[in-house]
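Asks: Test case, fold it:
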Amino acid sequence: DKIDGLQMERRHALSSFDLSGDEPVLAISDEFEETEHSWNVLTEDLTNLDDALFNVSRAKDYLTSARNYVLHARSHYSVQEWIDKGYLVDLLKHSTIGRIREMLEGSERNLKMALSELICLEDYPIVADDFKPILRPFYRLLFDDVFHQTKFQDLLQLVEERLDRSVRLHDQLEKARATVFQTQVLKEEARESLFHRIGDERRKLRLTS
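Replies: Next comes the predicted model:
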C-alpha cells in the first residue's frame, strides 16, 4: 500500500510538468549538465597540475643538489687516486660521484611522475626533451670525464641543461595552472548562477492539487 501510494503521488506530481521539452527548466538543466561537466574536467586538471608541479619542484631540488655535488667533485675528487685503487665500485660507492647519481635518480623518478600527471590533461603540450632519461647520459659522460681528465665539465653541462629545463617547465606549469584556475572560477560562477535559475524555475511551477 505504501509503494502504491508513493507511485500515485509521483504520477500526480509529474502530471503538472510539461515533458514535451518546452519547459524552461529543461533547457537550463541541459546547460547546467554541460557546465558541470566542464567544471569537473577543470577540477581534475587542477589536481593533475598541482601534482605535476610538486614533482617538478622536487626534480629541481634534486638537480640543484646534483649540480652542487658536481662542482664539489671538480675540486675535491681525485681521479688519479681512484684509478690507482682500481675498483670500479669505488667510483660510485660512498663518494661524491655516488651522491650525484642518487640525486639524478631522484630527479628522473620525479619527472616520470610529473609526466604521468600531465598526460591526463587534454591540451597540455608535452615536450619530450623535458622528460628524457638522465642516468644513461650521466654514465657515458662520467666515464668520458674521468678518463679524459676534463674535471667533470661535460657532466656539469648535462646537469645544468636539465636543471634549466626543469625550471622552465615549472614556470610553464604555474602559468598553465593559473589559466585553468581562472577558467574554473568562471565556470563556478556560471554553475552557481544556473543553480539559482533552476531554483527560480522550479518555484514557478505549481503542482495541481
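
Asks: And for A190, nearest residue in space, chain neighbours not counted?
Replies: Once flanking residues are discounted, A190 sits nearest to T35: 5.3 Å by Cβ to Cβ, 6 or more residues apart in numbering. C-betas here are computed from N, CA, C, even on glycine.

Asks: For that neighbour, grab the count of nearby residues.
Replies: T35 has 19 neighbours, counted by other Cβ atoms under 10 Å.

Asks: what mean pLDDT would you report for the stretch of helix or strand it belongs to?
Replies: Assigned by DSSP states H and E, T35 falls within helix 24-76. Averaged across helix 24-76, pLDDT comes to 86.

Asks: Then stretch 133-150?
Replies: What stretch 133-150 shows for mean pLDDT is 84.

Asks: can you check stretch 186-203 too?
Replies: Stretch 186-203 comes out at a mean pLDDT of 71.

Asks: circling back: just checking, next helix/strand downstream of the helix holding T35?
Replies: Following helix 24-76 in sequence, per DSSP H and E, is helix 79-85.

Asks: can you count the residues close to A66?
Replies: 28.

Asks: Hmm, it is touching L158, no?
Replies: No. Judged on Cβ atoms under 8 Å, A66 makes no contact with L158 at a distance of 9.5 Å.

Asks: What does the pLDDT read for the nearest residue to T64 once chain neighbours are set aside?
Replies: Closest residue to T64 apart from its sequence neighbours, by Cβ to Cβ, 6+ apart: L163 at 6.4 Å. Per-residue pLDDT puts L163 at 97.

Asks: Can you tell me the SS state at L163?
Replies: What DSSP: H, G, I helix; E, B strand; the rest coil gives for L163 is helix.

Asks: and the gap between it and L141?
Replies: L163 sits 15 Å away from L141, going by Cβ to Cβ, to the nearest Å.

Asks: Ends of stretch 123-138, what's the gap?
Replies: 32 Å (Cα to Cα, to the nearest Å).

Asks: List the contacts of the residue nearest the centre of the chain.
Replies: Centroid-nearest residue in the chain: A52, 2.5 Å away (criterion: Cα atoms, centre = their mean). Contacts for A52 (Cβ atoms under 8 Å, 6 or more residues apart in numbering) come out as A114, L115, E117, L118, L173.

Asks: Tell me which two in those residues are the farthest apart.
Replies: L115 and L173 (11.7 Å; Cβ to Cβ).

Asks: So which of those two has more stuff around it?
Replies: In this view L115 and L173 are compared by other Cβ under 10 Å, and L173 has more residues nearby, 21 against 16.
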